[in-house]
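Undergrad: 3D model of this:
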Amino acid sequence: QRLLFGLGKKVLIANQVGLLADTVFKQGEEYLSTGLVWLGILAYSFQIYFDFSGYSDIAIGLGEIFGFQFLENFDYPYISTSITEFWHRWHISLSTWFQDYVYIPLGGNRVAKKRHILNLLIVWSLTGIWHGAAWNFLIWGLYYGVLLVAEKYLLRDYLTRLPKLLCHFYAIFFILLGWLLFRSAGFTQIITFLKAMFGNAADGLWNHQATYLVLQYRWNFIIALLFSLPIYPTVRRLLTENNTKLSNFILNWGIPSFALAVGYLSVMNLLASTAFPTFSTTAIRDGTYFSDIDSFLSDRLCGRDSMLKNNTKLNLCLGKPNVNNLVVNSDVLLDFHSYLRWDLGYLVKDSANTAKKYKQLQNIIQSYGGYFCYVGVPTQSTYYANHYPDYMADRLWHTTAIRKNFGEAMYDYGIPFINMYGIYNEMGLP
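TA: Got it, this is the predicted structure:
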C-alpha cells in the first residue's frame, strides 16, 4: 500500500500541479499578475512536497516488501506552526544527517550564543548547497538559517502566545517565500516575483490566465490540499479504535482496494505519458500518425480535461491517403507538439519548439508535392465565451500570445501562418 500511495503522490498529484508551476515560472514579466504568482508558488509547494514524500513512500514500501524498516521522512510539514517545527517534519533523514555529522561535531548548541548562531548558519549554508550548486540554493539555505536563529533567540516567546492559526499562517507565508527562492532561475526572477507577490505586477492583481489556471487545475489543488493534511492517518486510527465489522472491512478491503486503484491509475498515466506516436515520413503520408495522436489524446486517463478532448478531435479525410487531401485540426498538432500542454503552447519557448516541429511536418508534406499552411482559428475563445462568460468579457489570455509569439515563430521558420483571430476582428465578427 505504501509503495502504491507513494507512486500516486508522485504521478497523480506532483506531476499534475507541477505543470501549473511550470506555466507560471515560465511567464514573462509582462504576463504576471499578483494572483498568478501566488498560484504558481502554491502549486510548486505541493509539487515538491508530493515529489519528495512520494519517493520516500516508495522507498519505505519497497523496504517493507524486502523486510526492511525505514524511518518516516515527511510528517505532514504543511501543518506546522513555526519554521522550527517545519524542519522537524520536512525531509527528516536529511535534517538528521546534518545534525549528526555537521551540527553536533561543530559543537551544536552547547557553545556560546555567537558560536551557536554561526553553527546554524554553517549547517544551513551546506544544506542549501547540498540541493544544488547555484546561488539560489545557497540563499535558500541561509534564509532558513536566519529564520531558525530568529525563532530561537527573538520570536519564540511571541509565537507561544499567538493563536495557533496565526502561527500557522506565519509559517506557511515564510515557507512559500522559501520555495520561491528554491524554484527561481536566478536573482532577476526572484526580484520580479517578489514584486508581483506584493502587488507590483505588470498585469495587475488578477488576470484571465490566473482564472483559467484555477479552473483548469481546481481539482488538482483540492486533492493536493486534502492529502497534505493528516486525514488518512486520522481516519485509519479512528477505524482501528472503532473495531466494528464495517471498520474492519474498510481497513482490510477498502483501503487496499483504493491503493490498487491509485497504483493502476499511476501506471496508466505513466504509460500514456511516454507512448508518443512515432513521427515518420510513412506515418505522415498514410495518415496513421494523426489517427495515433487522436487515440493518444483520447486514451489518457489523467491530466486531460473533457473539454480538451472534445476540442481537439482530428478531422481526417478517411479513405484519402494522399497527403494533399489530408485535413487535420490544428489544435491537435499544436497540443501534441507542445508536449500536451496546450495552455503553454502559445508562450515564447514552447512556440519556438512547436514551430520547429511544424517545419519538419512541412518538409515531409512538400516532399510529396503538398502544401502546408497553419490556420489559427480561435475555437477556444468561442468555447470559453459560451461557457465562462464572466471572465471572457475581453478575450482569452492566450490569444495575444498566439498572434505575437506563435505567429513570429512560424514566420521565422518560413511556415505560412493565417491568423483568423485578427481577420475576425477586422471583419467585425465575434
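Undergrad: show me where the protein has strands.
TA: Listed in chain order, the strands of the chain (DSSP state E) span 374-376, 417-419.
Undergrad: show me the contacts for the closest residue in space to Ser80 that isn't next to it in sequence.
TA: Leaving aside its sequence neighbours, Ser80 sits nearest to Phe86 (C-beta to C-beta, 6 or more residues apart in numbering; 4.0 Å). Yep, even glycine has a C-beta here, placed from its N, CA and C like the rest. Phe86 makes contact with 77, 80, 171, 175, according to C-beta atoms under 8 Å, 6 or more residues apart in numbering.
Undergrad: which of those residues sits closest to Thr23?
TA: Proximity of these to Thr23 (C-beta to C-beta) peaks at Ile175, which lies at 21.3 Å.
Undergrad: any idea how far that closest one is from Leu147?
TA: 10 Å (C-beta to C-beta, to the nearest Å).
Undergrad: and Leu213, by the same measure?
TA: 30 Å.
Undergrad: same check, this time on Arg237
TA: 32 Å.
Undergrad: so for these two, which residue has more residues nearby?
TA: Set Arg237 next to Leu147 and count neighbours by other C-beta atoms under 10 Å: Leu147 wins out with 22 against 11.
Undergrad: assess the claim that the more buried one and Ser82 are in contact.
TA: No: applying C-beta atoms under 8 Å, one finds Leu147 not in contact with Ser82, separated by 9.3 Å.
Undergrad: ramachandran angles for Phe68?
TA: Per-residue torsions, Phe68: phi -100, psi 150 (degrees, to the nearest 10).
Undergrad: what about it, how many residues nearby?
TA: Phe68 - counted by other C-beta under 10 Å - has 10 other residues nearby.
Undergrad: which pLDDT value goes with Leu194?
TA: Leu194 carries a pLDDT value of 96.
Undergrad: go on, the one 10 residues further on?
TA: The pLDDT attached to Gly204 in the predicted structure is 92.
Undergrad: what are the phi and psi angles of it?
TA: phi 80, psi -170.
Undergrad: distance of the nearest residue to Gln1 once chain neighbours are set aside from Phe5?
TA: Using C-beta to C-beta, 6+ apart and skipping residues adjacent in sequence, the residue nearest Gln1 is Ala259, 4.2 Å away. Distance, Ala259 to Phe5, using C-beta to C-beta: 6 Å.
Undergrad: neighbour-wise, which of these two wins?
TA: The neighbour comparison of Ala259 against Phe5 (other C-beta under 10 Å) goes to Phe5, with 23 against 18.
Undergrad: what distance do you get for the more buried one to Ser266?
TA: Counting by C-beta to C-beta - Phe5 and Ser266 are separated by 10 Å.
Undergrad: then Ala134?
TA: Ala134 sits at a distance of 31 Å from Ser266 (criterion: C-beta to C-beta).
Undergrad: okay, the two: which has more neighbours?
TA: Ser266 (24 against 15).
Undergrad: residues contacting the more buried one?
TA: Per C-beta under 8 Å, 6+ apart, neighbours of Ser266: 4, 7-8, 10-12.
Undergrad: switch to 7 Å and redo it
TA: 7-8, 11-12 (C-beta atoms under 7 Å, 6 or more residues apart in numbering).
Undergrad: which non-adjacent residue is nearest Ala59?
TA: Closest to Ala59 by C-beta to C-beta, 6+ apart is Phe70, at 6.2 Å.
Undergrad: quick one: the one you found and Gly61 touch, right?
TA: No: contact criterion C-beta atoms under 7 Å: Phe70 and Gly61 do not qualify, at 9.3 Å.
Undergrad: those two: who's more crowded?
TA: It is Gly61, of Phe70 and Gly61, that has more neighbours when counted by other C-beta under 10 Å, with 18 against 15.
Undergrad: what separates the more buried one from Ala259, distance-wise?
TA: Distance from Gly61 to Ala259, counting by C-beta to C-beta: 10 Å.
Undergrad: what does Thr244 give?
TA: 21 Å.
Undergrad: output the contacting helices and strands for the lengthiest helix in the chain.
TA: Determined from DSSP state H, the single longest helix within the chain is helix 34-65. With contacts taken as 3 or more C-beta pairs under 7 Å, 6 or more residues apart in numbering; DSSP states H and E, helix 34-65 sits against helix 2-8, helix 15-25, helix 164-183, helix 187-197, helix 208-227.
Undergrad: which among the ones you listed is found nearest to Leu142?
TA: helix 164-183 (9.5 Å).
Undergrad: what residues sit buried inside stretch 171-190?
TA: Applying a neighbour-count criterion of 16 or more other C-beta atoms under 10 Å, one finds 171-172, 174-175, 177-184, 189-190 buried in stretch 171-190.
Undergrad: tell me which two of the residues you listed sit farthest apart.
TA: Greatest spatial distance among those (C-beta to C-beta): Ala171 and Gln189, at 24.1 Å.
Undergrad: got the phi/psi numbers for Leu205?
TA: Torsion angles, degrees, to the nearest 10, at Leu205: phi -70, psi -30.
Undergrad: mind checking pLDDT for the spatially closest residue to Gln366 that is not a sequence neighbour?
TA: Once flanking residues are discounted, Gln366 sits nearest to Phe372: 6.9 Å by C-beta to C-beta, 6+ apart. Looking at Phe372, its pLDDT reads 73.
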